[in-house]
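Got a sequence here, can you build the structure:
(one chain, ligands or ions: 1)
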Amino acid sequence: MLELRVKDVMVELDKHIIIDSVSARFTEGTVNSVIGVNGAGKTVFVKAIANLLPHQGSISIIDRGRELDRKKIAYVPQMTAINSELTVFEMILLGKVLHLTWRVEKELLREVELLLNRMKLSQLSNKRFSTLSGGQKQMVIMAQSIIAKPKVLLLDEPTSALDLKHQIELLDMSKEYAEENQAICLVIMHDLSLVSRYSDTVVVLHKGTLFKHDLPKHVMEQNLLEQVYGVEVEVTETKKGFKAITPLNVSIR
Ligand SMILES: Nc1ncnc2c1ncn2[C@@H]1O[C@H](COP(=O)(O)OP(=O)(O)OP(=O)(O)O)[C@@H](O)[C@H]1O
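Here you go, the predicted structure:
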């Protein structure tokens, strides 16, 4: 069983403690959301896991008692950060950079084609990445990350530029990826109804500390959400048993 173990993680930036003593464990085949208000520390937390920021405490991926290299972690940044003149096909192939030599093997090209097909991106294959819409870019970056087969996939607000259908497609893809590859996905999201629908567990960060890490049904509770977000909310249950969260007013508390 693969496990991501985060223990007493602390991140200090510009002499401010941004993440304070956060511990959590995540198991294979799961999609886990990270939520909290703007500035709560979600991106910093996830970047620390990806080893992109200096931190204290320990972060390890354990696979059947053996510790894996943290290179097995992939971080997909928020959209705006990336641009390129490569084509969509080349961008996705770049995800296989560790397997590339001067002669690209046919199997690799086939793998890219299959993924393009599966993610309904085939028609964009020869287009330059820089000419794509924000949502299309998001899907291509997702494809580039998963073709590298990371054991831990960290997605920073992957649905922010996507329409409803593509949000569902991307999150379905994350779930399938985690299940088929015995991997772990951590996804920063703001849409609480999507969080409730797609997460196996939810991490709630509040002022840099771990407020709660639990099943969605224990997180999507009126009191907890009002306390964390400072907004009055109505929590209802859909026919399929998912929680739907409607913000009402800014709380006077
Ligand atoms: N490189 C940095 N140097 C100094 N402070 C930083 C740095 N990066 C982030 N911070 C600070 O850390 C805090 C948390 O930032 P972070 O980006 O993790 O928030 P977030 O929860 O992801 O917010 P959002 O929902 O707005 O994306 C903020 O107060 C931010 O100003």
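
what's the lowest-mean-pLDDT helix or strand in the chain packed up against?
Between all helices and strands in the chain, the lowest mean by mean pLDDT, DSSP states H and E belongs to strand 243-250, at a mean of 88. The elements that strand 243-250 packs onto, with contact taken as 3 or more Cβ pairs under 8 Å, 6 or more residues apart in numbering; DSSP states H and E, are helix 192-198, strand 231-237. No exception for glycine: its C-beta is placed from N, CA and C like everyone else's.

quick one: low-confidence ranges for the stretch 101-250 of the chain?
In the predicted model of the stretch 101-250 of the chain, residues 101-102 satisfy pLDDT under 70.

tell me which parts of the chain are close to the ligand?
Leu13, Asp14, Ile18, Gly36, Asn38, Gly39, Ala40, Gly41, Lys42, Thr43, Val44 (Cβ under 6 Å from any ligand atom).

Show only the entries of those residues found in strands.
Within these, residues falling in strands by DSSP state E are Leu13, Ile18.

Contacts for stretch 214-229, please.
With Cβ atoms under 8 Å, 6 or more residues apart in numbering as the test, stretch 214-229 has contacts from 33, 35-37, 192, 195-196, 199-202, 204, 206, 211-212, 231-235, 243, 245, 247, 251, 253.

hey, where'd the helices end up in the stretch 51-200 of the chain?
Taking DSSP state H, counting those that start in this stretch, the helices of the stretch 51-200 of the chain run over residues 88-94, 106-118, 134-147, 164-180, 192-198.

As JSON lines, those helices with distance to Met79 and mean neighbour count would be great.
Formatted as JSON lines, these follow (distance: least, Cβ to Cβ, whole Å; neighbours: other Cβ atoms under 10 Å):
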{"stretch": "helix 88-94", "distance to Met79": "14", "mean neighbour count": "21"}
{"stretch": "helix 106-118", "distance to Met79": "19", "mean neighbour count": "14"}
{"stretch": "helix 134-147", "distance to Met79": "5", "mean neighbour count": "21"}
{"stretch": "helix 164-180", "distance to Met79": "12", "mean neighbour count": "16"}
{"stretch": "helix 192-198", "distance to Met79": "17", "mean neighbour count": "21"}
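
residue contacts, Asn249?
Counted by Cβ under 8 Å, 6+ apart, Asn249 has contacts Val231, Glu232.

Provide the partner residues of it in its beta bridges.
Note on Asn249: beta-bridge partners Glu232, judged by DSSP bridges.

now do Glu3
Beta-bridge pairing of Glu3 under DSSP bridges involves Thr27, Ile62.

what's near enough to touch it?
Arg25, Phe26, Thr27, Glu28, Ile61, Ile62, Asp63.

try 7 Å
Residues counted as contacts of Glu3 (Cβ atoms under 7 Å, 6 or more residues apart in numbering) are Arg25, Phe26, Thr27, Ile62.

re earlier: list the buried residues for the least confident helix or strand of the chain?
Neighbour-count burial for strand 243-250, counted by 16 or more other Cβ atoms under 10 Å, picks out Lys243, Ile245.
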